[in-house]
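>>> sequence-free structure coming up:
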């Protein structure tokens, strides 16, 4: 959180609320800090009953759908014709 003012890249945060590697509280603190600063486009998704891997079938599907939407929103479109 020390360098949070330097964050400019859009960020999608996905947390499993049963994660034992990275406590959800750390992700929540990071998310709320970014939102307070208004420095970057940030979205938070919390998956109940999931751990670090977000592996329950319904959560995994939702995770992939949201990642796809996020990338479509924030990554440039590929060129319509390949370079020659």
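Ah, there it is. All figures in this text were calculated on a predicted structure; none of them were measured in a lab. Numbering: from 1, shown residues only.

>>> hey, let's count contacts and neighbours off CA atoms from now on
Noted.

>>> residue closest to the middle of this structure?
Centroid-nearest residue in the chain: residue 12, 1.9 Å away (criterion: CA atoms, centre = their mean).

>>> got a list of what that residue touches?
When contacts are counted by CA atoms under 8 Å, 6 or more residues apart in numbering, residue 12 touches 42, 43, 44, 45, 67, 70.

>>> again, but for residue 53
Counting by CA under 8 Å, 6+ apart, residue 53 has contacts residue 16.

>>> One more: residue 45?
Residue 45 neighbours (CA under 8 Å, 6+ apart): 12, 13, 14, 15.

>>> Now it: which helix or strand?
Assessed by DSSP states H and E, residue 45 sits inside strand 42-47.

>>> buried residues in that strand?
Going by neighbour count (16 or more other CA atoms under 10 Å), the buried part of strand 42-47 is 42, 46, 47.

>>> Quickly note the distance from the last one to residue 77.
I take that to be residue 47. 29 Å (CA to CA, to the nearest Å).

>>> Likewise for residue 11?
If you measure residue 11 against residue 77 using CA to CA, the figure is 18 Å.

>>> need the strands for the protein, in chain order.
With DSSP state E as the criterion, the chain has strands at 11-16, 42-47.

>>> Could you export these to a markdown table, including columns for mean pLDDT and distance to residue 81?
Below are these laid out as a markdown table (pLDDT from 0 to 100; distance: least, CA to CA, whole Å):
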| stretch | mean pLDDT | distance to residue 81 |
| --- | --- | --- |
| strand 11-16 | 95 | 29 |
| strand 42-47 | 95 | 32 |
